[in-house]
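# can't give you the sequence, but here's the structure:
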Ligand SMILES: Cc1cc2nc3c(=O)[nH]c(=O)nc-3n(C[C@H](O)[C@H](O)[C@H](O)COP(=O)(O)OP(=O)(O)OC[C@H]3O[C@@H](n4cnc5c(N)ncnc54)[C@H](O)[C@@H]3O)c2cc1C
């Protein structure tokens, strides 16, 4: 058992820390307030090679594993970027690069990976639908073959980055649910190039993470070439799990990174703020809940690295899913506690935009809802790890 980062991993962590220091909380305060995409941050992570961490060298990347990507994400988040340090990498590298590395055809790899690694192609994933979020297998978006083309029709919701992405991973039904021998059958994955007149994109005003837009998307007879299908036809669900599990681990890392950042700022502030005779940081009433949340987050981090280690050695999606869901369920609650207490440490100032902690509060609360809700993470553990009967139909 080895708990130390190796030399390359340390290098990635140091580079991430340096980048994050160039994009401090006040930068994100402004981007969030103005609803602006962080172009210069995106260029900086591309220049550092972070968008190609999981891309094999022959396609212009560094050829590292997913674990290295998590290391970069955590240090970006913890050293100033908060959720943004994870978000942009999830959209382009998890949804785009990682999916294509694991399941793309040679033609798809050559087409997309070099551009993603260079930062020339942003990606997004269109899975969720107005009536199919938690119940993913109920998606209704249909892909029908006509000659040598696929015709796609349907509506998606909450598709982050769809307003700017040039590549989209579309999850569609090639066999409708009513005709599928089992629910997981009939799901296929497609890679689409954007913009396209048949794809309408409408950003949804939202609570936080406003440096990236999340959108309603509709496909109205979107025509894609035969080569846009990511094989195997009808069995894409199992490939998609190799995207959804890493997405889950990334958001666990976001919870850890945002919490580290909020805790550091709270500790700094608490040492200089005096209300009665001593600095407020000397009061155990503030120390204990933060210390407890931090300890829990450190445990979740080890568990999350176990999940990424399993993923990198291509363990089954069930093995990865079990550990990833446990890490996520624990990290989110501890992260919410950490940021809550960081906000409490700032007293009334915690409510002011100027101290940033209110933004991290908005960011961390998303992780209870997405990419998977806490209830569904617990359902997974109850059913697939503990053997309880499935509690829903
Ligand atoms: C900001 C943001 C960005 C997003 N980005 C993307 C993206 O880029 N691409 C994409 O495809 N999707 C994206 N999503 C969608 C996200 O993954 C879904 O919102 C999430 O999976 C929950 O689905 P839902 O919103 O439909 O909630 P519902 O499925 O309607 O769930 C509502 C509530 O019911 C509970 N519930 C449902 N079933 C059960 C059960 N069996 N047992 C217990 N409780 C249950 C849920 O836990 C939840 O609390 C994003 C969402 C947000 C908010």
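Ah, there it is. Being a predicted model, the structure only gives us computed values, none of them experimental. Residues are numbered from 1 along each chain as shown.

# can you list contacts of stretch 227-237?
Outside of stretch 227-237, the residues that reach it under the criterion CB atoms under 8 Å, 6 or more residues apart in numbering are 99-100, 103-105, 107-108, 137, 150, 171, 174-175, 184-192, 239. Backbone N, C-alpha and C define where each C-beta goes, glycine included.

# show the buried residues in the residues you listed.
99-100, 103-104, 108, 150, 171, 174-175, 184-192, 239 (16 or more other CB atoms under 10 Å).

# now for the helix or strand hosting residue 70, which elements pack on it?
Taking DSSP states H and E as the criterion, the element that holds residue 70 is helix 66-76. Packing partners of helix 66-76 (3 or more CB pairs under 8 Å, 6 or more residues apart in numbering; DSSP states H and E): helix 7-22, helix 84-89, helix 236-272, helix 284-312.

# sorry, back to before: out of the buried ones among the contacts of stretch 227-237, list just those in strands.
With DSSP state E as the criterion, strands contain 150, 171, 187-192 from among the buried ones among the contacts of stretch 227-237.

# now the helices for the stretch 51-200 of the chain?
Taking DSSP state H, counting those that start in this stretch, the helices of the stretch 51-200 of the chain run over residues 66-76, 84-89, 99-103, 106-118.

# now do the end-to-end distance for stretch 82-91.
Distances were taken as CA to CA, to the nearest Å; on that basis the terminal residues of stretch 82-91 are 16 Å apart.

# next, the buried residues of it.
Within stretch 82-91, the residues that count as buried by 16+ other CB under 10 Å are 82-91.

# reformat the helices of the stretch 51-200 of the chain as a markdown table; add distance to the ligand and mean pLDDT.
Below are those laid out as a markdown table (distance: least, CB to the nearest ligand atom, whole Å; pLDDT from 0 to 100):
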| stretch | distance to the ligand | mean pLDDT |
| --- | --- | --- |
| helix 66-76 | 16 | 98 |
| helix 84-89 | 9 | 98 |
| helix 99-103 | 13 | 98 |
| helix 106-118 | 16 | 98 |
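
# can you redo those helices as a markdown table with distance to residue 209?
As requested, those are arranged in a markdown table below (distance: least, CB to CB, whole Å):
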| stretch | distance to residue 209 |
| --- | --- |
| helix 66-76 | 15 |
| helix 84-89 | 6 |
| helix 99-103 | 22 |
| helix 106-118 | 21 |
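
# for those, which one sits closest to residue 341?
Judged by CB to CB, the one of the helices of the stretch 51-200 of the chain that comes nearest to residue 341 is helix 66-76, at 20.2 Å.

# residues contacting the closest one, please?
Everything outside helix 66-76 that qualifies as a contact, by CB under 8 Å, 6+ apart, is 5, 8-9, 12-17, 19-20, 45, 50, 53-54, 62, 84-86, 89, 93-94, 98, 246, 249-250, 253-254, 256-257, 260, 301, 304-305, 308-309, 311-312.

# okay, the angle between that helix and helix 284-312?
For helix 66-76 against helix 284-312, the angle by axes from the mean of the first three to the mean of the last three CA atoms, to 10 degrees is 150 degrees.

# just the buried positions in helix 66-76, please.
Of the residues in helix 66-76, those with enough neighbours to count as buried (16+ other CB under 10 Å) are 66-76.

# farthest residue from the center of the chain?
Of all residues in the chain, the one whose C-alpha sits farthest from the chain's mean C-alpha position, using CA atoms, centre = their mean, is residue 277 at 43.9 Å.

# SS state for that residue?
Using DSSP: H, G, I helix; E, B strand; the rest coil, the secondary structure recorded for residue 277 is coil.

# please renumber the chain so that the first residue is 29 from this point on.
Sounds good: first residue 29 from here, last item residue 305.

# quick one: residues contacting it.
Taking CB under 8 Å, 6+ apart as the definition of contact, residue 305 has no neighbours.

# what's the pLDDT at it?
Looking at residue 305, its pLDDT stands at 97.

# buried ones in stretch 319-327, by neighbour count?
For stretch 319-327, the neighbour count (16+ other CB under 10 Å) marks 321-322, 324-325 as buried.

# residue 176: neighbouring residues, count only.
Using other CB atoms under 10 Å, residue 176 is surrounded by 8 other residues.

# mind checking how far the spatially closest residue to it that is not a sequence neighbour is from residue 174?
Nearest residue to residue 176, sequence neighbours excluded (CB to CB, 6 or more residues apart in numbering): residue 254, at 4.8 Å. According to CB to CB, to the nearest Å, residue 254 and residue 174 sit 10 Å apart.

# what's the answer for residue 46, then?
When residue 46 is compared with residue 174 (using CB to CB), they lie 51 Å apart.

# between the two, which is the more surrounded one?
Counted by other CB under 10 Å, residue 46 and residue 174 do not tie: residue 46 has more neighbours, with 13 against 9.

# for the more buried one, give me its contacts.
In this structure, residue 46 makes contact with no residue, judged by CB under 8 Å, 6+ apart.

# residue 244 too?
Taking CB under 8 Å, 6+ apart as the definition, contacts of residue 244 comprise 183-185, 187, 229-230, 232.

# and the buried ones among the residues you listed, selectable in ChimeraX?
The following ChimeraX selection, which keeps only the buried ones among these, applies the criterion 16+ other CB under 10 Å:
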select :183,184,185,187,229
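
# specify which member of the contacts of residue 244 is nearest to the ligand.
residue 187 (4.9 Å; CB to the nearest ligand atom).

# pLDDT wise, what is the closest one at?
Residue-level confidence at residue 187 comes out at 98, pLDDT.

# near the ligand, which residues of the chain?
152-156, 161-162, 186-188, 234, 242, 394, 397-401, 403-404, 407, 420 (CB under 6 Å from any ligand atom).

# mark which of these are buried, thanks.
The neighbour-count criterion (16+ other CB under 10 Å) marks 152-156, 161, 186-188, 242, 394, 399-400, 404, 407 among these as buried.

# apart from its chain neighbours, what residue comes closest to residue 180?
Once its chain neighbours are removed from consideration, residue 180 has its nearest residue in residue 250; the separation is 4.2 Å (CB to CB, 6+ apart).
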